[in-house]
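**Student:** sequence and predicted model, in that order:
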Amino acid sequence: MSTLDTKVNRRDQAHQQNRADMLEAIAQLDALHAEAAEGGGPDAIARLRKRGKLPLRERISLALDPDSHFLEISPLAAWRSNFTVGSGFVVGIGVLSGVECLILGHDPSVRAGAFNAFNSKKLMRGLQIARENRLPYVQFVESAGADLRGDSGTGDPEAALRRETNHFAESGRLFYEITELSKLRIPTISVVFGASTAGGAYQPGMSDYNILIRNQSKVFLGGPPLVKMATGEDADEESLGGAEMHAAISGLGDYLAEDEPDAIRLLRDVVAHLNWRKHGPGPTLAPDPPIHDPEDLLGLVSRDLRQPFDIREIIARLTDGSRFEEFKPLYGPTLVTGWASIHGFPIGILGNNGALLSESAEKSAQFIQLCNQIDVPLLFLHNITGFIVGTDFEQNGITKNGSKMINAVANSTVPHLSVIVGASYGAGNYGMSGRAFGPRFTFIWPTAKIAVMGPKQMAGVMTIVQRTATERRGETFDEEANAKRVASVEHWAEERSKGLFATSRVSDDGMIDPRDTRDILAIALSACHSNSVAGTKEYGTWRM
(Lines give C-alpha, C1' and ligand atoms only; values in the text may rest on other atoms or scores of the structure.)
Protein backbone atom coordinates (compact mmCIF):
# COMPACT_ATOMS: atom_id res chain seq x y z
CA MET A 1 0.00 0.00 0.00
CA SER A 2 1.42 3.38 -1.00
CA THR A 3 2.35 6.07 1.50
CA LEU A 4 0.76 9.44 0.85
CA ASP A 5 3.04 12.38 0.19
CA THR A 6 2.29 15.89 1.45
CA LYS A 7 2.54 19.38 0.01
CA VAL A 8 1.73 21.21 3.22
CA ASN A 9 3.91 24.27 3.81
CA ARG A 10 3.60 25.32 7.44
CA ARG A 11 5.20 28.69 6.67
CA ASP A 12 2.57 29.52 4.07
CA GLN A 13 0.53 32.56 5.13
CA ALA A 14 -2.80 30.89 4.29
CA HIS A 15 -1.85 27.80 6.35
CA GLN A 16 -0.91 29.96 9.33
CA GLN A 17 -4.15 31.96 9.06
CA ASN A 18 -6.21 28.75 8.85
CA ARG A 19 -4.39 27.43 11.90
CA ALA A 20 -5.06 30.61 13.88
CA ASP A 21 -8.75 30.57 12.93
CA MET A 22 -9.07 26.89 13.86
CA LEU A 23 -7.35 27.41 17.22
CA GLU A 24 -9.76 30.28 17.95
CA ALA A 25 -12.71 27.98 17.18
CA ILE A 26 -11.21 25.22 19.33
CA ALA A 27 -10.80 27.66 22.25
CA GLN A 28 -14.53 28.42 22.03
CA LEU A 29 -15.23 24.68 21.82
CA ASP A 30 -13.12 24.01 24.93
CA ALA A 31 -14.90 26.76 26.85
CA LEU A 32 -18.30 25.28 25.98
CA HIS A 33 -17.14 21.79 26.99
CA ALA A 34 -16.02 23.23 30.32
CA GLU A 35 -19.41 24.91 30.75
CA ALA A 36 -21.20 21.63 30.00
CA ALA A 37 -18.97 19.81 32.53
CA GLU A 38 -20.10 22.23 35.27
CA GLY A 39 -23.66 20.88 35.03
CA GLY A 40 -25.98 23.02 37.13
CA GLY A 41 -23.07 25.08 38.48
CA PRO A 42 -20.99 25.16 41.70
CA ASP A 43 -23.94 25.79 44.04
CA ALA A 44 -25.92 22.83 42.68
CA ILE A 45 -22.85 20.57 42.88
CA ALA A 46 -22.22 21.70 46.46
CA ARG A 47 -25.81 20.80 47.41
CA LEU A 48 -25.30 17.33 45.96
CA ARG A 49 -22.11 16.76 47.93
CA LYS A 50 -23.78 17.98 51.10
CA ARG A 51 -26.32 15.17 50.67
CA GLY A 52 -23.50 12.64 50.26
CA LYS A 53 -23.95 12.40 46.48
CA LEU A 54 -21.36 12.53 43.73
CA PRO A 55 -21.69 14.69 40.60
CA LEU A 56 -22.66 12.68 37.52
CA ARG A 57 -19.30 12.91 35.78
CA GLU A 58 -17.53 11.64 38.92
CA ARG A 59 -19.92 8.68 39.01
CA ILE A 60 -19.07 7.85 35.40
CA SER A 61 -15.34 8.32 36.01
CA LEU A 62 -15.40 5.89 38.95
CA ALA A 63 -17.22 3.31 36.84
CA LEU A 64 -14.78 3.39 33.92
CA ASP A 65 -11.68 1.23 33.71
CA PRO A 66 -8.53 3.16 34.73
CA ASP A 67 -6.92 5.07 31.84
CA SER A 68 -9.68 4.03 29.44
CA HIS A 69 -11.49 6.30 27.01
CA PHE A 70 -14.90 7.90 27.25
CA LEU A 71 -16.35 9.18 23.97
CA GLU A 72 -19.10 11.64 24.88
CA ILE A 73 -21.99 12.00 22.42
CA SER A 74 -23.44 15.46 21.67
CA PRO A 75 -21.82 17.17 24.68
CA LEU A 76 -22.93 20.64 23.49
CA ALA A 77 -26.63 19.86 23.08
CA ALA A 78 -28.88 22.83 23.95
CA TRP A 79 -26.27 25.55 23.31
CA ARG A 80 -28.06 28.82 22.56
CA SER A 81 -31.30 27.65 24.11
CA ASN A 82 -32.96 28.26 27.47
CA PHE A 83 -31.55 25.00 28.77
CA THR A 84 -28.12 24.30 30.25
CA VAL A 85 -25.34 23.51 27.76
CA GLY A 86 -25.16 19.72 27.63
CA SER A 87 -28.93 19.52 28.33
CA GLY A 88 -28.67 17.83 31.73
CA PHE A 89 -27.74 14.38 30.39
CA VAL A 90 -24.38 12.76 29.66
CA VAL A 91 -24.29 10.09 26.96
CA GLY A 92 -21.18 8.31 25.80
CA ILE A 93 -19.20 5.14 25.11
CA GLY A 94 -16.86 3.91 27.84
CA VAL A 95 -15.13 0.74 29.00
CA LEU A 96 -16.37 -1.01 32.15
CA SER A 97 -14.67 -4.23 33.28
CA GLY A 98 -13.13 -4.54 29.84
CA VAL A 99 -16.47 -4.16 28.03
CA GLU A 100 -17.42 -1.22 25.79
CA CYS A 101 -20.78 0.06 27.01
CA LEU A 102 -23.18 2.85 26.12
CA ILE A 103 -23.55 4.94 29.26
CA LEU A 104 -26.40 7.38 29.87
CA GLY A 105 -26.65 9.51 32.97
CA HIS A 106 -29.18 12.01 34.33
CA ASP A 107 -27.38 14.98 35.89
CA PRO A 108 -29.21 15.72 39.16
CA SER A 109 -27.51 19.13 39.38
CA VAL A 110 -29.48 20.28 36.30
CA ARG A 111 -33.21 20.64 37.00
CA ALA A 112 -33.07 17.44 39.13
CA GLY A 113 -32.18 15.36 36.06
CA ALA A 114 -35.46 16.21 34.31
CA PHE A 115 -36.19 15.38 30.68
CA ASN A 116 -36.26 18.19 28.12
CA ALA A 117 -36.39 18.51 24.34
CA PHE A 118 -32.61 18.27 23.91
CA ASN A 119 -31.66 15.51 26.33
CA SER A 120 -34.57 13.42 25.08
CA LYS A 121 -32.92 13.49 21.64
CA LYS A 122 -29.59 12.53 23.25
CA LEU A 123 -31.31 9.71 25.12
CA MET A 124 -32.85 8.28 21.95
CA ARG A 125 -29.56 8.66 20.10
CA GLY A 126 -27.80 6.75 22.87
CA LEU A 127 -30.31 3.91 22.63
CA GLN A 128 -29.86 3.85 18.86
CA ILE A 129 -26.07 3.60 19.22
CA ALA A 130 -26.46 0.75 21.72
CA ARG A 131 -28.81 -1.14 19.41
CA GLU A 132 -26.94 -0.65 16.12
CA ASN A 133 -23.51 -1.38 17.57
CA ARG A 134 -24.62 -4.03 20.08
CA LEU A 135 -23.29 -2.29 23.17
CA PRO A 136 -24.50 -3.12 26.70
CA TYR A 137 -26.64 -0.22 27.92
CA VAL A 138 -25.94 1.29 31.35
CA GLN A 139 -28.10 4.09 32.76
CA PHE A 140 -27.39 6.19 35.84
CA VAL A 141 -30.92 7.10 36.83
CA GLU A 142 -31.93 10.11 38.91
CA SER A 143 -34.76 12.13 37.44
CA ALA A 144 -37.64 14.35 38.47
CA GLY A 145 -39.48 13.41 35.26
CA ALA A 146 -40.38 15.91 32.53
CA ASP A 147 -39.20 19.52 32.62
CA LEU A 148 -42.55 21.30 32.27
CA ARG A 149 -41.08 24.67 31.34
CA GLY A 150 -41.60 23.78 27.68
CA ASP A 151 -39.02 24.26 24.93
CA SER A 152 -39.06 28.03 25.41
CA GLY A 153 -38.31 27.83 29.11
CA THR A 154 -40.80 30.66 29.73
CA GLY A 155 -43.20 28.76 31.92
CA ASP A 156 -46.00 29.36 29.43
CA PRO A 157 -48.79 26.84 30.24
CA GLU A 158 -49.47 26.01 26.59
CA ALA A 159 -45.76 25.46 25.92
CA ALA A 160 -45.60 23.26 29.00
CA LEU A 161 -48.57 21.24 27.76
CA ARG A 162 -46.91 20.73 24.36
CA ARG A 163 -43.70 19.70 26.11
CA GLU A 164 -45.55 17.22 28.32
CA THR A 165 -47.32 15.77 25.28
CA ASN A 166 -43.98 15.33 23.49
CA HIS A 167 -42.42 13.86 26.61
CA PHE A 168 -45.25 11.32 26.79
CA ALA A 169 -44.35 10.09 23.29
CA GLU A 170 -40.60 10.17 23.96
CA SER A 171 -40.81 8.38 27.30
CA GLY A 172 -43.04 5.74 25.78
CA ARG A 173 -40.45 5.14 23.07
CA LEU A 174 -37.76 4.94 25.76
CA PHE A 175 -39.59 2.02 27.37
CA TYR A 176 -39.92 0.34 24.00
CA GLU A 177 -36.25 0.78 23.15
CA ILE A 178 -34.99 -0.59 26.48
CA THR A 179 -37.20 -3.65 26.09
CA GLU A 180 -36.07 -4.03 22.48
CA LEU A 181 -32.42 -4.09 23.57
CA SER A 182 -33.16 -6.90 25.99
CA LYS A 183 -34.97 -8.83 23.25
CA LEU A 184 -31.85 -8.44 21.09
CA ARG A 185 -29.79 -9.95 23.95
CA ILE A 186 -28.12 -6.62 24.63
CA PRO A 187 -27.93 -6.28 28.44
CA THR A 188 -29.56 -3.27 30.10
CA ILE A 189 -28.43 -2.17 33.55
CA SER A 190 -29.83 0.59 35.78
CA VAL A 191 -28.08 2.13 38.76
CA VAL A 192 -30.63 4.26 40.61
CA PHE A 193 -28.86 7.12 42.41
CA GLY A 194 -31.95 9.00 43.60
CA ALA A 195 -35.60 9.48 42.73
CA SER A 196 -37.00 7.60 39.76
CA THR A 197 -40.59 8.69 39.59
CA ALA A 198 -43.66 8.19 37.37
CA GLY A 199 -42.52 7.29 33.85
CA GLY A 200 -38.94 7.36 35.10
CA ALA A 201 -39.75 4.37 37.31
CA TYR A 202 -39.94 2.26 34.18
CA GLN A 203 -36.26 2.90 33.41
CA PRO A 204 -35.27 0.39 36.10
CA GLY A 205 -38.59 -1.40 35.63
CA MET A 206 -37.65 -2.34 32.06
CA SER A 207 -33.95 -3.09 32.76
CA ASP A 208 -32.37 -6.53 33.03
CA TYR A 209 -30.36 -5.62 36.14
CA ASN A 210 -31.13 -3.05 38.84
CA ILE A 211 -28.78 -1.70 41.49
CA LEU A 212 -30.37 0.41 44.24
CA ILE A 213 -28.70 2.38 47.05
CA ARG A 214 -29.86 2.12 50.66
CA ASN A 215 -31.57 5.28 51.99
CA GLN A 216 -31.01 7.02 48.64
CA SER A 217 -32.83 5.29 45.77
CA LYS A 218 -36.55 5.89 45.40
CA VAL A 219 -38.60 4.18 42.69
CA PHE A 220 -42.37 4.64 42.50
CA LEU A 221 -45.04 5.34 39.92
CA GLY A 222 -46.48 8.02 42.18
CA GLY A 223 -44.81 9.69 45.13
CA PRO A 224 -46.48 10.24 48.52
CA PRO A 225 -48.34 13.43 47.45
CA LEU A 226 -49.88 11.72 44.41
CA VAL A 227 -50.74 8.62 46.43
CA LYS A 228 -52.48 10.87 48.99
CA MET A 229 -54.47 12.65 46.29
CA ALA A 230 -55.35 9.48 44.39
CA THR A 231 -56.13 7.10 47.24
CA GLY A 232 -56.13 9.05 50.50
CA GLU A 233 -53.26 6.92 51.83
CA ASP A 234 -50.54 8.57 53.91
CA ALA A 235 -47.41 6.83 52.59
CA ASP A 236 -43.78 7.43 53.50
CA GLU A 237 -41.11 7.34 50.78
CA GLU A 238 -39.16 4.39 52.15
CA SER A 239 -42.18 2.10 52.50
CA LEU A 240 -43.56 3.24 49.17
CA GLY A 241 -40.46 3.00 47.01
CA GLY A 242 -37.26 2.81 49.04
CA ALA A 243 -34.27 0.68 48.08
CA GLU A 244 -34.65 -1.83 50.92
CA MET A 245 -38.34 -2.33 50.17
CA HIS A 246 -37.64 -3.03 46.50
CA ALA A 247 -34.72 -5.33 47.32
CA ALA A 248 -36.54 -7.32 50.02
CA ILE A 249 -40.26 -7.11 49.19
CA SER A 250 -41.19 -6.01 45.66
CA GLY A 251 -38.23 -7.69 43.93
CA LEU A 252 -37.52 -4.71 41.66
CA GLY A 253 -34.03 -4.31 43.13
CA ASP A 254 -31.49 -7.02 42.28
CA TYR A 255 -28.56 -5.57 44.23
CA LEU A 256 -28.63 -3.35 47.32
CA ALA A 257 -25.64 -1.02 47.66
CA GLU A 258 -24.60 0.76 50.83
CA ASP A 259 -23.51 3.96 49.06
CA GLU A 260 -22.61 5.30 45.63
CA PRO A 261 -19.08 3.80 45.42
CA ASP A 262 -20.54 0.44 46.44
CA ALA A 263 -23.21 0.75 43.72
CA ILE A 264 -20.50 1.43 41.14
CA ARG A 265 -18.53 -1.60 42.39
CA LEU A 266 -21.62 -3.75 41.94
CA LEU A 267 -22.15 -2.32 38.46
CA ARG A 268 -18.63 -3.31 37.42
CA ASP A 269 -19.24 -6.80 38.86
CA VAL A 270 -22.43 -7.17 36.81
CA VAL A 271 -20.70 -6.09 33.60
CA ALA A 272 -17.81 -8.47 34.33
CA HIS A 273 -20.15 -11.49 34.52
CA LEU A 274 -21.90 -10.74 31.20
CA ASN A 275 -19.41 -12.93 29.32
CA TRP A 276 -19.57 -10.32 26.56
CA ARG A 277 -18.00 -11.10 23.20
CA LYS A 278 -17.77 -8.93 20.11
CA HIS A 279 -19.30 -10.20 16.87
CA GLY A 280 -16.96 -8.29 14.59
CA PRO A 281 -13.22 -8.87 14.08
CA GLY A 282 -10.67 -6.88 16.01
CA PRO A 283 -7.89 -4.81 14.44
CA THR A 284 -6.01 -6.84 11.84
CA LEU A 285 -3.42 -4.43 10.42
CA ALA A 286 -0.40 -2.59 11.83
CA PRO A 287 -1.66 0.37 13.91
CA ASP A 288 1.44 2.54 13.47
CA PRO A 289 0.81 6.32 13.67
CA PRO A 290 0.70 8.54 10.57
CA ILE A 291 4.07 9.72 9.33
CA HIS A 292 2.63 13.21 8.75
CA ASP A 293 1.98 15.36 11.82
CA PRO A 294 -1.72 15.61 12.85
CA GLU A 295 -0.96 19.18 14.01
CA ASP A 296 -1.05 20.11 10.33
CA LEU A 297 -4.80 19.41 10.33
CA LEU A 298 -5.29 22.77 12.03
CA GLY A 299 -4.08 24.66 8.97
CA LEU A 300 -5.69 22.74 6.12
CA VAL A 301 -9.26 24.10 6.10
CA SER A 302 -10.00 27.79 5.65
CA ARG A 303 -12.78 29.56 7.53
CA ASP A 304 -13.88 30.55 4.02
CA LEU A 305 -14.99 27.12 2.84
CA ARG A 306 -14.85 28.24 -0.78
CA GLN A 307 -11.07 27.86 -0.57
CA PRO A 308 -10.12 24.40 -1.88
CA PHE A 309 -7.78 21.90 -0.25
CA ASP A 310 -6.70 18.36 -1.11
CA ILE A 311 -8.62 15.82 1.00
CA ARG A 312 -5.61 13.50 0.70
CA GLU A 313 -3.76 15.81 3.13
CA ILE A 314 -6.38 14.95 5.76
CA ILE A 315 -6.30 11.24 4.92
CA ALA A 316 -2.51 11.26 5.28
CA ARG A 317 -2.89 12.37 8.91
CA LEU A 318 -5.62 9.88 9.87
CA THR A 319 -4.46 6.54 8.49
CA ASP A 320 -1.92 4.07 9.85
CA GLY A 321 1.51 4.97 8.53
CA SER A 322 -0.18 7.53 6.21
CA ARG A 323 -0.83 4.57 3.90
CA PHE A 324 -3.59 4.76 1.31
CA GLU A 325 -4.36 2.52 -1.65
CA GLU A 326 -6.26 4.87 -3.95
CA PHE A 327 -8.97 3.37 -6.16
CA LYS A 328 -9.47 4.82 -9.67
CA PRO A 329 -7.34 7.93 -9.02
CA LEU A 330 -7.68 9.22 -12.61
CA TYR A 331 -11.42 8.66 -13.00
CA GLY A 332 -13.89 11.04 -11.34
CA PRO A 333 -11.08 12.90 -9.52
CA THR A 334 -13.47 15.15 -7.56
CA LEU A 335 -14.08 12.17 -5.27
CA VAL A 336 -11.09 10.40 -3.71
CA THR A 337 -11.68 6.73 -2.85
CA GLY A 338 -9.40 4.05 -1.48
CA TRP A 339 -8.41 1.64 1.26
CA ALA A 340 -6.44 2.21 4.45
CA SER A 341 -6.54 1.34 8.15
CA ILE A 342 -7.05 3.35 11.34
CA HIS A 343 -5.57 1.93 14.56
CA GLY A 344 -5.45 -1.44 12.78
CA PHE A 345 -9.09 -1.45 11.62
CA PRO A 346 -9.41 -1.76 7.80
CA ILE A 347 -11.44 1.09 6.32
CA GLY A 348 -12.65 2.29 2.93
CA ILE A 349 -12.44 6.07 2.57
CA LEU A 350 -14.41 8.46 0.37
CA GLY A 351 -13.38 12.13 0.45
CA ASN A 352 -14.50 15.14 -1.57
CA ASN A 353 -12.13 17.11 -3.78
CA GLY A 354 -14.83 19.16 -5.48
CA ALA A 355 -18.45 18.87 -6.55
CA LEU A 356 -19.80 15.39 -7.26
CA LEU A 357 -19.67 14.83 -11.02
CA SER A 358 -21.27 11.98 -12.95
CA GLU A 359 -18.00 10.03 -13.07
CA SER A 360 -17.21 10.50 -9.39
CA ALA A 361 -20.72 9.36 -8.45
CA GLU A 362 -20.28 6.21 -10.55
CA LYS A 363 -16.89 5.54 -8.98
CA SER A 364 -18.40 5.94 -5.52
CA ALA A 365 -21.16 3.40 -6.24
CA GLN A 366 -18.62 0.83 -7.43
CA PHE A 367 -16.30 1.45 -4.48
CA ILE A 368 -19.11 1.08 -1.95
CA GLN A 369 -20.08 -2.23 -3.55
CA LEU A 370 -16.50 -3.48 -3.30
CA CYS A 371 -16.24 -2.55 0.39
CA ASN A 372 -19.51 -4.35 1.10
CA GLN A 373 -18.19 -7.39 -0.74
CA ILE A 374 -15.19 -7.66 1.62
CA ASP A 375 -16.91 -6.45 4.85
CA VAL A 376 -14.88 -3.23 5.21
CA PRO A 377 -16.50 -0.22 6.96
CA LEU A 378 -16.68 3.12 5.16
CA LEU A 379 -15.44 6.56 6.21
CA PHE A 380 -16.95 9.60 4.46
CA LEU A 381 -14.96 12.85 4.69
CA HIS A 382 -17.35 15.68 3.76
CA ASN A 383 -16.32 18.84 1.95
CA ILE A 384 -19.10 19.02 -0.60
CA THR A 385 -21.21 21.79 -2.09
CA GLY A 386 -23.44 19.19 -3.75
CA PHE A 387 -23.90 17.37 -7.04
CA ILE A 388 -22.94 19.44 -10.08
CA VAL A 389 -25.86 21.13 -11.89
CA GLY A 390 -26.36 22.45 -15.42
CA THR A 391 -27.65 21.40 -18.85
CA ASP A 392 -24.47 19.67 -19.98
CA PHE A 393 -24.17 17.76 -16.73
CA GLU A 394 -27.82 16.65 -16.81
CA GLN A 395 -27.39 15.41 -20.36
CA ASN A 396 -24.27 13.57 -19.21
CA GLY A 397 -26.37 11.71 -16.61
CA ILE A 398 -25.65 13.46 -13.30
CA THR A 399 -29.13 12.73 -11.93
CA LYS A 400 -28.99 9.11 -13.06
CA ASN A 401 -25.46 8.46 -11.82
CA GLY A 402 -25.91 10.51 -8.67
CA SER A 403 -28.88 8.29 -7.91
CA LYS A 404 -26.61 5.25 -8.25
CA MET A 405 -24.35 6.69 -5.57
CA ILE A 406 -27.24 7.40 -3.22
CA ASN A 407 -28.66 3.93 -3.91
CA ALA A 408 -25.31 2.38 -2.98
CA VAL A 409 -25.05 4.45 0.21
CA ALA A 410 -28.63 3.66 1.25
CA ASN A 411 -28.33 -0.10 0.69
CA SER A 412 -24.80 -0.55 2.04
CA THR A 413 -24.78 -2.55 5.29
CA VAL A 414 -21.17 -2.17 6.45
CA PRO A 415 -20.78 0.49 9.17
CA HIS A 416 -20.56 4.07 7.92
CA LEU A 417 -18.67 6.83 9.72
CA SER A 418 -18.98 10.47 8.61
CA VAL A 419 -16.75 13.41 9.46
CA ILE A 420 -17.80 16.84 8.18
CA VAL A 421 -14.47 18.63 7.75
CA GLY A 422 -15.69 21.46 5.50
CA ALA A 423 -18.99 22.11 3.77
CA SER A 424 -21.80 19.55 3.58
CA TYR A 425 -24.62 20.97 1.49
CA GLY A 426 -27.80 19.64 -0.07
CA ALA A 427 -27.93 16.26 -1.75
CA GLY A 428 -24.15 16.08 -1.42
CA ASN A 429 -24.72 15.45 2.28
CA TYR A 430 -26.96 12.50 1.39
CA GLY A 431 -24.50 11.08 -1.13
CA MET A 432 -21.77 11.24 1.51
CA SER A 433 -23.87 9.31 4.05
CA GLY A 434 -25.22 12.23 6.04
CA ARG A 435 -27.28 11.71 9.18
CA ALA A 436 -30.46 10.95 7.21
CA PHE A 437 -28.75 7.86 5.76
CA GLY A 438 -27.99 6.27 9.11
CA PRO A 439 -24.21 6.35 9.58
CA ARG A 440 -23.17 4.68 12.81
CA PHE A 441 -21.42 7.91 13.89
CA THR A 442 -21.16 11.48 12.58
CA PHE A 443 -18.66 14.07 13.81
CA ILE A 444 -18.04 17.66 12.75
CA TRP A 445 -15.03 19.99 12.77
CA PRO A 446 -15.31 23.49 14.33
CA THR A 447 -15.19 25.44 11.06
CA ALA A 448 -17.54 23.12 9.15
CA LYS A 449 -21.00 24.00 7.87
CA ILE A 450 -24.05 21.92 7.04
CA ALA A 451 -27.22 23.12 5.27
CA VAL A 452 -29.68 22.51 2.47
CA MET A 453 -27.61 24.97 0.40
CA GLY A 454 -25.23 27.87 0.94
CA PRO A 455 -26.69 31.12 2.34
CA LYS A 456 -26.03 33.17 -0.80
CA GLN A 457 -27.44 30.47 -3.04
CA MET A 458 -30.54 30.19 -0.86
CA ALA A 459 -31.17 33.95 -0.93
CA GLY A 460 -30.46 34.09 -4.67
CA VAL A 461 -32.88 31.29 -5.51
CA MET A 462 -35.61 32.97 -3.45
CA THR A 463 -34.99 36.26 -5.28
CA ILE A 464 -35.24 34.62 -8.71
CA VAL A 465 -38.47 32.83 -7.80
CA GLN A 466 -40.08 35.94 -6.31
CA ARG A 467 -38.94 38.18 -9.19
CA THR A 468 -40.41 35.76 -11.73
CA ALA A 469 -43.71 35.55 -9.83
CA THR A 470 -43.94 39.36 -9.58
CA GLU A 471 -43.27 39.85 -13.28
CA ARG A 472 -45.82 37.17 -14.14
CA ARG A 473 -48.43 39.19 -12.24
CA GLY A 474 -47.42 42.32 -14.18
CA GLU A 475 -46.18 44.06 -11.03
CA THR A 476 -42.96 45.95 -10.31
CA PHE A 477 -40.39 44.06 -8.30
CA ASP A 478 -39.43 45.95 -5.10
CA GLU A 479 -35.63 45.90 -5.17
CA GLU A 480 -35.24 47.70 -1.83
CA ALA A 481 -37.52 45.27 0.02
CA ASN A 482 -35.78 42.36 -1.66
CA ALA A 483 -32.35 43.61 -0.57
CA LYS A 484 -33.52 43.65 3.05
CA ARG A 485 -35.03 40.18 2.64
CA VAL A 486 -31.82 38.85 1.09
CA ALA A 487 -29.73 40.23 3.97
CA SER A 488 -32.08 38.64 6.50
CA VAL A 489 -32.15 35.27 4.73
CA GLU A 490 -28.37 35.21 4.33
CA HIS A 491 -27.83 36.04 8.01
CA TRP A 492 -30.40 33.47 9.17
CA ALA A 493 -29.04 30.76 6.88
CA GLU A 494 -25.43 31.54 7.77
CA GLU A 495 -26.05 31.26 11.52
CA ARG A 496 -27.96 27.99 11.21
CA SER A 497 -25.44 26.44 8.83
CA LYS A 498 -22.61 26.74 11.34
CA GLY A 499 -21.35 23.49 12.79
CA LEU A 500 -21.81 24.71 16.36
CA PHE A 501 -25.52 25.31 15.80
CA ALA A 502 -25.89 21.90 14.13
CA THR A 503 -24.14 20.03 16.93
CA SER A 504 -26.18 21.87 19.58
CA ARG A 505 -29.35 20.51 17.95
CA VAL A 506 -28.01 16.93 18.14
CA SER A 507 -27.74 16.61 14.36
CA ASP A 508 -24.36 14.90 14.80
CA ASP A 509 -22.53 13.06 17.58
CA GLY A 510 -20.21 15.88 18.51
CA MET A 511 -17.88 18.65 17.40
CA ILE A 512 -14.27 17.54 17.68
CA ASP A 513 -10.75 18.96 17.60
CA PRO A 514 -9.33 17.94 14.18
CA ARG A 515 -6.23 16.56 15.92
CA ASP A 516 -8.41 14.06 17.81
CA THR A 517 -10.12 12.74 14.67
CA ARG A 518 -7.97 9.62 14.25
CA ASP A 519 -8.43 8.45 17.86
CA ILE A 520 -12.16 9.24 17.89
CA LEU A 521 -12.62 7.27 14.67
CA ALA A 522 -10.76 4.35 16.27
CA ILE A 523 -13.12 4.36 19.26
CA ALA A 524 -16.10 4.51 16.89
CA LEU A 525 -14.72 1.64 14.79
CA SER A 526 -14.13 -0.44 17.89
CA ALA A 527 -17.75 0.15 18.95
CA CYS A 528 -18.97 -0.77 15.45
CA HIS A 529 -17.06 -4.05 15.64
CA SER A 530 -18.99 -5.07 18.73
CA ASN A 531 -21.65 -5.97 16.17
CA SER A 532 -21.25 -7.73 12.85
CA VAL A 533 -19.72 -5.66 10.04
CA ALA A 534 -21.02 -7.88 7.23
CA GLY A 535 -21.76 -6.14 3.94
CA THR A 536 -24.38 -6.82 1.29
CA LYS A 537 -24.60 -7.58 -2.41
CA GLU A 538 -28.24 -6.58 -2.54
CA TYR A 539 -29.01 -3.18 -4.07
CA GLY A 540 -32.01 -1.44 -5.55
CA THR A 541 -32.50 -1.14 -9.32
CA TRP A 542 -29.98 1.14 -11.04
CA ARG A 543 -30.62 2.88 -14.34
CA MET A 544 -27.80 1.80 -16.63
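**Tutor:** Here it is on my side, so go on.
**Student:** so I406 sits right up against G431, yeah?
**Tutor:** Yes - the criterion here is Cβ atoms under 8 Å, and I406 meets it with G431 at 5.5 Å. C-beta here means a position set from N, CA and C on the backbone, and glycine is covered the same way.
**Student:** which one of these two has more residues nearby?
**Tutor:** G431 (29 against 20; other Cβ atoms under 10 Å).
**Student:** so how far is M245 from that one?
**Tutor:** Per Cβ to Cβ, to the nearest Å, G431 is found 56 Å from M245.
**Student:** now do M432
**Tutor:** Distance from M432 to M245, by Cβ to Cβ: 54 Å.
**Student:** okay, these two: which has more neighbours?
**Tutor:** Using other Cβ under 10 Å, the more surrounded residue of M432 and M245 is M432, with 28 against 19.
**Student:** right, and G422 touches N383 too?
**Tutor:** Yes - using Cβ under 8 Å, G422 makes contact with N383 at a distance of 3.2 Å.
**Student:** what residues are shared contacts of these two?
**Tutor:** Here G422 and N383 have 301, 305, 309, 352 as joint contacts, going by Cβ atoms under 8 Å, 6 or more residues apart in numbering.
**Student:** touching the strand or helix carrying E142 from outside, list them.
**Tutor:** Using DSSP states H and E, E142 sits in strand 137-143. Contact partners of strand 137-143, identified using Cβ under 8 Å, 6+ apart, comprise 56, 59-60, 63, 96, 101-106, 108, 112-115, 126-127, 130, 178, 181, 186-197, 200, 203-204, 207, 267, 271.
**Student:** try 6 Å
**Tutor:** 59, 101-106, 108, 113, 130, 181, 188-194, 196, 200, 203 (Cβ atoms under 6 Å, 6 or more residues apart in numbering).
**Student:** among the residues you listed, which are located in strands?
**Tutor:** 101-106, 188-194, 196 (DSSP state E).
**Student:** where does the prediction get shaky in the stretch 251-400 of the chain?
**Tutor:** Along the stretch 251-400 of the chain, no part satisfies pLDDT under 70.
**Student:** all strands of it, in order?
**Tutor:** 255-257, 325-327, 335-342, 345-352, 378-384 (DSSP state E, counting those that start in this stretch).
**Student:** same list (the ones you listed) but as CSV, adding distance to N119 and mean neighbour count.
**Tutor:** Formatted as CSV, the strands of the stretch 251-400 of the chain follow (distance: least, Cβ to Cβ, whole Å; neighbours: other Cβ atoms under 10 Å):
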stretch, distance to N119, mean neighbour count
strand 255-257, 25, 21
strand 325-327, 42, 16
strand 335-342, 31, 24
strand 345-352, 31, 25
strand 378-384, 27, 25
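**Student:** quick one: those as CSV, columns for distance to C371 too.
**Tutor:** Below are the strands of the stretch 251-400 of the chain laid out as CSV (distance: least, Cβ to Cβ, whole Å):
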stretch, distance to C371
strand 255-257, 44
strand 325-327, 10
strand 335-342, 8
strand 345-352, 4
strand 378-384, 6
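**Student:** of those strands, which is nearest S526?
**Tutor:** Nearest to S526 among the strands of the stretch 251-400 of the chain is strand 345-352 (7.4 Å), distances taken as Cβ to Cβ.
**Student:** ok, and the closest non-adjacent residue to A355?
**Tutor:** Leaving out its chain neighbours, the residue that sits closest to A355 by Cβ to Cβ, 6 or more residues apart in numbering is I388, at 4.5 Å.
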